[in-house]
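S.K.: with the input below, show me the fold.
(2 chains)
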2 protein chains.
Amino acid sequence: MTVNAHDEVRSAIASLLRIGEPGDGLLKRLVDGIGPVAARAIIAAVGRGETTAHDAVQGLATTGAEAAEHAQMPEAIDRWAVRAGEAGAVGNDLDKIARIGGRLVIPGDDEWPRMLDDLGPAAPLGLWVRGSASLGAVLTRAVAVVGARAASSYGTKCASDLAWDLAARGITVVSGGAFGIDAAAHRAAVAREAPTVAFMAGGVDRFYPAANAELFEQILTTGAIVSETAPGMTPMRHRFLLRNRLIAASAQVSVIVEAGWRSGALNTARHALELSRQVAAFPGSVYSASSAGAHRLVREHEAELVTCSDDVIALTDDDTPALFDAAAVGDAPHSGDRSPSSDPREALDEREKICLNALTVSKPLDVGTIASRAGLTIADALNSLTALDLDGLAARRDTGWVKLRKSRG
Amino acid sequence: MTVNAHDEVRSAIASLLRIGEPGDGLLKRLVDGIGPVAARAIIAAVGRGETTAHDAVQGLATTGAEAAEHAQMPEAIDRWAVRAGEAGAVGNDLDKIARIGGRLVIPGDDEWPRMLDDLGPAAPLGLWVRGSASLGAVLTRAVAVVGARAASSYGTKCASDLAWDLAARGITVVSGGAFGIDAAAHRAAVAREAPTVAFMAGGVDRFYPAANAELFEQILTTGAIVSETAPGMTPMRHRFLLRNRLIAASAQVSVIVEAGWRSGALNTARHALELSRQVAAFPGSVYSASSAGAHRLVREHEAELVTCSDDVIALTDDDTPALFDAAAVGDAPHSGDRSPSSDPREALDEREKICLNALTVSKPLDVGTIASRAGLTIADALNSLTALDLDGLAARRDTGWVKLRKSRG
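M.R.: Purely as a prediction, here's the structure:
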């Protein structure tokens, strides 16, 4: 691991990650304003009773620090100081993570995933990481595949097929390591021997849920397990929600495979929308409760409907060639026969092709003229035009037929 | 039946419907320009060799008729004249339809469905109608439910449930009388003893497909069977496509329940889009070929995703009270438990409600302040905020939490 940032800074951030809750915007402001070392020093001083939060903020104000202007800052410093006192074991987290072969990745490190900075004041101060993947590198092209814990067998298959196909194209599958959709997505990527990244709500030293422990071990060999929550800390409900913002921010597209009406996956979608990241959702049965939330996202135009990896990749802005590596695509065994060629012209018979060539884009021609141009009988011309109409290549306009410039198919 | 238009006009239109193909824009232009009686007279004169198409058009030009300006008009008149000669039995179609208790409905009749005039030059000259419903009246509030002939059992159930619910709300179900989705939709409306309208590609004296004959008989008792193709004429492929424009034009929303990659239902969707009518599609399994076309419509933003009658009704512009008749809604036995209340506030517990009241829309408050305002512990406030976040009622902003003005749920 390349270390670009000073050890003192790393140690300060380790402390601050234990003191603050994930996504604490005020703490991020303070750190951005005066740096992690000074921020930790102030909080520690208040914790030891050497100064009050009020005086500390007054002191900051004299230095012109913008962070001092937040009315809630003194109250927040008091809160952090209490936790700093409780934590006690500052510094131990770095030892603890080192003992299990992990590391703390902080801004400035080569490995820092810079797309997380898009979170602004909600960006993490640092990330506890385990696994052989270099986090920043594998997240360069990443898609989040998330969804219901109580997934149906249909949803599990969708997640698995999607993750397999994405992995085959060199795209990193990001998820939350949960039962159901998340686990299916990670598993398919692992089976493809591709890196996959699991963002955890608790410490990375704990495998949660424990029943997925074997999967987490496999993820470590090629991918990464990541959390901003200090080692040893338990996953709590609000931490899951804040963890979701990291999933959304690290992926170019967040795909919700199945989500019930109140699923946490919808929270990931909301984070992605707030970041102007693409959100996509899989369709399913209208009678399946586990698709209700996914359908709602599409209905309310918050998510694009997707049915396969091609659809998802079409949503990425990334035009890195690897995304469209034809060799890798051909290698995907799950590709199936779902989507016929996207160019309907390839499926035309000879008459239909001749008929299409006889048409113009701008001037509608009547059937007689078309038949005469194409050397077909009226009946054959009509049949061919009908087929071209169905394919979205020709359309009836006013008194005749025209060629459509761009196929709708 | 009220007759508002002159018998001679009706007789002329009856002839012209046999002479022209459905949706023939040139014939419509001619009729709009000089009236159906004169149009028939010219075609008949050319057919009897009393004049040439060229001379006839020259004659029209001297009267200043705009129809004479179409370069393809003489050729078209020659084509119609041939068919006028072949047809011979002009006048018989009106007798034929009368014998089976039907009628020819033409523009100007009370019963004429005026929304079809939106088709412009592709509007039908007249419609052959059978059944007890007054066509214009039942199409005032109509939704098209169309889809694949080779429907899955899932698709059939979706169509049936949707049509039942729509019928229960006084909305007329329009479809094409085909196997699969169409038949399921008609059947549910018939079972609800509600009017349903089947647009046929061939003559209304033929029940096509014949296996649906019993269904067609049932439709006649409360609804209508309609075609612009003359009695006795066979359904042909291009007539199905042109029939689809009538389905699209007669409905406020066209719902594609299932459609394969090249399904004719997609053609109905295209007609609806060209008319700026709403198009909607049902989701289904990504592994089902019979949903591929429906999914494509949604993916390409040509259709809105819908999962139930509520979703469809939300797409209608119509605010006629009957559409939202609560009594009728309560009567619908298929409504099921798919969609929870659309207002998530109704599902909140007491703490969540208090917490929501403690929030403001504009100023983010930190958890400590919210807990203090709401009289809750920090832990309870955090739990409640988490629930409100999941419901789309509150969101983390910058350094605190805000109330969301409009629920996303």
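S.K.: what helix or strand is A:Ala280 located in?
M.R.: According to DSSP states H and E, A:Ala280 maps onto strand A:278-281.
S.K.: right, and the helix or strand after the helix or strand of chain A with the lowest mean pLDDT?
M.R.: Within chain A, no helix or strand scores below helix A:326-330, which has a mean of 32 by mean pLDDT, DSSP states H and E. Where DSSP H and E defines the elements, the next helix or strand beyond helix A:326-330 is helix A:350-358.
S.K.: what are the buried residues along the following helix or strand past that following helix?
M.R.: Going down the chain from helix A:350-358, the next helix or strand is helix A:367-374, by DSSP H and E. Neighbour-count burial for helix A:367-374 flags A:Val367, A:Gly368, A:Thr369, A:Ile370, A:Ala371, A:Arg373, A:Ala374 (criterion: 16 or more other CB atoms under 10 Å in any protein chain shown). For glycine as for every other residue, the C-beta is placed from the backbone atoms N, C-alpha and C.
S.K.: state the pLDDT value of the fifth one.
M.R.: Pointing back at A:Ala371 there. Looking at A:Ala371, its pLDDT is 78.
S.K.: again with the second one
M.R.: pLDDT, the model's per-residue confidence, is 77 for A:Gly368.
S.K.: for the closest residue to it other than its chain neighbours, give me its contacts.
M.R.: Sequence neighbours aside, B:Glu75 is the residue nearest to A:Gly368 in space, at 5.8 Å (criterion: CB to CB, 6 or more residues apart in numbering or on different chains). For B:Glu75, the contact set (CB atoms under 8 Å, 6 or more residues apart in numbering or on different chains) comprises A:Asp366, A:Gly368, A:Thr369, B:Ala53.
S.K.: burial check on the last one, number of neighbours?
M.R.: I take that to be B:Ala53. When counting by other CB atoms under 10 Å in any protein chain shown, one arrives at 20 neighbours for B:Ala53.
S.K.: so it touches B:Val82, yeah?
M.R.: No: B:Ala53 is not in contact with B:Val82 according to CB atoms under 8 Å; the separation is 10.6 Å.
S.K.: could you list every helix and strand in contact with the host helix or strand of A:Arg10?
M.R.: Here A:Arg10 sits within helix A:7-19, counting by DSSP H and E. Other helices and strands packing on helix A:7-19, by 3 or more CB pairs under 8 Å, 6 or more residues apart in numbering or on different chains; DSSP states H and E, are helix A:25-34, helix A:36-47, helix A:73-87, helix A:92-99, strand A:103-105.
S.K.: let's have the ones you listed in TSV, adding mean pLDDT.
M.R.: Compiled in TSV, the helices and strands packed on helix A:7-19 are given as follows (pLDDT from 0 to 100):
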stretch	mean pLDDT
helix A:25-34	93
helix A:36-47	94
helix A:73-87	88
helix A:92-99	93
strand A:103-105	97
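S.K.: tell me the one among the buried residues of helix A:367-374 nearest to B:Gly155.
M.R.: Minimum distance to B:Gly155 across the buried residues of helix A:367-374 is 34.1 Å, recorded for A:Val367 (CB to CB).
S.K.: who are the contact partners of the closest one?
M.R.: By CB under 8 Å, 6+ apart, the neighbours of A:Val367 are A:Ile378, A:Ala381, A:Leu382, A:Leu385, A:Gly400, A:Trp401.
S.K.: could you measure from the second one over to chain B?
M.R.: In this structure, A:Ala381 lies at 10 Å from chain B, with CB to the nearest CB, to the nearest Å as the measure.
S.K.: what's across from A:Trp128 in the sheet?
M.R.: For A:Trp128, the beta-bridge partners under DSSP bridges are A:Leu104, A:Ser227.
S.K.: does it touch A:Val204 like I think?
M.R.: Yes: A:Trp128 is within contact range of A:Val204, at 4.8 Å (criterion: CB under 8 Å).
S.K.: more neighbours: the two, which one.
M.R.: Taking neighbours as other CB under 10 Å, A:Trp128 and A:Val204 compare with A:Val204 leading, 30 against 27.
S.K.: list the contacts of that one.
M.R.: Residues near A:Val204 by CB under 8 Å, 6+ apart: A:Ile97, A:Gly102, A:Trp128, A:Val129, A:Arg130, A:Ile225, A:Val226, A:Ser227, A:Pro231.
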